[in-house]
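> What would the 3D arrangement of this be:
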Amino acid sequence: MAQHDDEDKSVAEEALEEGADLAEKGFSFGNKVRSKSAAQGGYGKKMHERRAEAGKKRKTEEERREAARQAARKHAEKIRQEEKKAWQTERETAQGVGTLFSKIREAANSENLGAFGTGFLLMIVVLVASSFASCAVLFGSAGGASSLSSYLSNDADMCTVDLEYENMEIWLRTTTSAIERDNPGRNEYQLDIAAIGHDPYDLAALLTVLYDGDYNAPLVAQRLQEILDAQYHLTTREVVERRTRTVTRWAWFTRYTEEIVDGEMVRMPYQSYESYEATETYNYVIYHAKLTNAGIDEVARSMGLTDDQLEWYDAIREALGNREDLFWHY
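Okay, here's the model as predicted:
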């Protein structure tokens, strides 16, 4: 009995020693885990700080770029306003010269004006013409030919208007692509559809002339439809032809067979349902559709513009409004 007690005591002591060892190992492992977690926490904090710093740098860079874009837009707008002012001054100058010459011509035709007075008026004409010529040179240095060949409207307005016109062309393209679907029941469709599209620089030049240099989408909405109707012309017609064709039909026919009845050969009739070919006449319907594209330039030259307007239009069109990068997608 004592021997059993000693054995139990030894087993208990061994179990306690193993439990102490396991507890010590668990405590050591827990310290390692906490140390690792603390280290990772410190690394995460550093990464957070680095990301925050990078975000600040990106924000600063974006602000710098936006400021540069704003400055570029302001500079471009200033140039456009100066060119527009120079062009308006030139036009007012030309109008003033025309009015003054008209008055001088009326005075020169007056019966009460003597030879001396006529000579005096001629001298005034020479002086005035010289003065206006000097003014033209002065204003030419500010804007000159560049103002006459430049777009004067805001870039955003011009691009918006061109986009509106493209949307109208997309609608037209959708209409022409659905001709067969919208006109069913024909035997044949003959479609002659021109390419749909326009030169945005021609459109901008035309609108610049029509609206004295300054236009936007609400202002030109009705005019765009008029230009579209003049540029594109869709015609349709239907042709009916009388044609013949061979068809297969079915009918009952009486046929005969020979049989021997009471020792004699007798012909016996019977009915047979058979097919046969026949020729018939029918209507063959051909649907014709044709779309023509005259182009913006031809539309501009058929709108009844004055010689001065056509000259202005040609100058802008040839120089691409001095903004060949405006409609970059064309």
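> so who does Gly295 touch?
198-199, 202, 231 (CB atoms under 8 Å, 6 or more residues apart in numbering). Heads up, the C-betas are built off the backbone N, CA and C, glycines and all.
> For the stretch 101-250 of the chain, give me the ranges with low pLDDT.
Along the stretch 101-250 of the chain, the model assigns pLDDT under 70 to residues 101-147.
> Now stretch 286-306 - C-alpha only, PDB.
In PDB, the C-alpha atoms belonging to stretch 286-306 read as follows (Å, rounded to 0.1, in the frame of the first residue of the first chain):
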ATOM      1  CA  ILE A 286     -37.800  48.200-105.100                       C
ATOM      2  CA  TYR A 287     -37.200  50.800-102.400                       C
ATOM      3  CA  HIS A 288     -34.600  53.500-103.300                       C
ATOM      4  CA  ALA A 289     -33.000  55.800-100.600                       C
ATOM      5  CA  LYS A 290     -30.300  58.300-101.300                       C
ATOM      6  CA  LEU A 291     -28.500  60.600 -98.800                       C
ATOM      7  CA  THR A 292     -26.200  63.300-100.100                       C
ATOM      8  CA  ASN A 293     -23.700  65.300 -98.000                       C
ATOM      9  CA  ALA A 294     -22.900  68.800 -99.400                       C
ATOM     10  CA  GLY A 295     -20.400  69.700 -96.700                       C
ATOM     11  CA  ILE A 296     -20.300  72.800 -94.500                       C
ATOM     12  CA  ASP A 297     -18.200  74.800 -97.000                       C
ATOM     13  CA  GLU A 298     -20.700  74.400 -99.800                       C
ATOM     14  CA  VAL A 299     -23.500  75.300 -97.300                       C
ATOM     15  CA  ALA A 300     -21.700  78.500 -96.300                       C
ATOM     16  CA  ARG A 301     -21.300  79.600 -99.900                       C
ATOM     17  CA  SER A 302     -24.900  79.100-100.600                       C
ATOM     18  CA  MET A 303     -26.300  81.000 -97.600                       C
ATOM     19  CA  GLY A 304     -26.200  84.400 -99.300                       C
ATOM     20  CA  LEU A 305     -23.300  85.800 -97.300                       C
ATOM     21  CA  THR A 306     -22.000  89.200 -98.300                       C
END
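> And Gln222, how close does it get to Asp229?
To Asp229, Gln222 is 11 Å away according to CB to CB, to the nearest Å.
> repeat for Thr176
Counting by CB to CB - Thr176 and Asp229 are separated by 15 Å.
> if you count what's nearby, which of these two comes out ahead?
Thr176 (15 against 10; other CB atoms under 10 Å).
> Sticking with the more buried one, tell me its helix or strand.
For Thr176, the enclosing helix or strand under DSSP states H and E is helix 155-177.
> quick one: buried residues of that helix?
By neighbour count on 16 or more other CB atoms under 10 Å, the buried set for helix 155-177 is 157-159, 161-162, 165, 168-169, 172.
> Now render these as CSV, adding distance to Gly304.
Formatted as CSV, the buried residues of helix 155-177 follow (distance: CB to CB, whole Å):
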residue, distance to Gly304
Asp157, 25
Met158, 24
Cys159, 28
Val161, 22
Asp162, 23
Tyr165, 21
Met168, 22
Glu169, 24
Leu172, 24
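> Help me confirm that Glu274 comes into contact with Arg249.
No: using CB atoms under 8 Å, Glu274 makes no contact with Arg249, being 9.8 Å away.
> Quick check: the farthest pair among the buried residues of helix 155-177?
Based on CB to CB, the longest span within the buried residues of helix 155-177 runs between Asp157 and Leu172 and measures 23.3 Å.
> For Ala300, which non-adjacent residue is closest in space?
Leu206 (4.6 Å; CB to CB, 6 or more residues apart in numbering).
> Let me know the next secondary structure element after the helix or strand where the one you found lies.
Here Leu206 sits within helix 200-210, counting by DSSP H and E. Once the chain leaves helix 200-210, the next helix or strand it forms, by DSSP H and E, is helix 217-231.
> Report the buried residues of the following helix or strand past that next one.
Note on helix 217-231: by DSSP H and E, the next helix or strand toward the C-terminus is strand 232-261. Buried residues in strand 232-261, counted by 16+ other CB under 10 Å: Tyr232.
> ok, how many other residues are close to Gln231?
Gln231: 22 neighbours (other CB under 10 Å).
> ah, wrong one, I meant Val209
23.
> I'd say it and Asp307 touch.
No: Val209 lies out of contact with Asp307 (CB under 8 Å); the separation is 12.0 Å.
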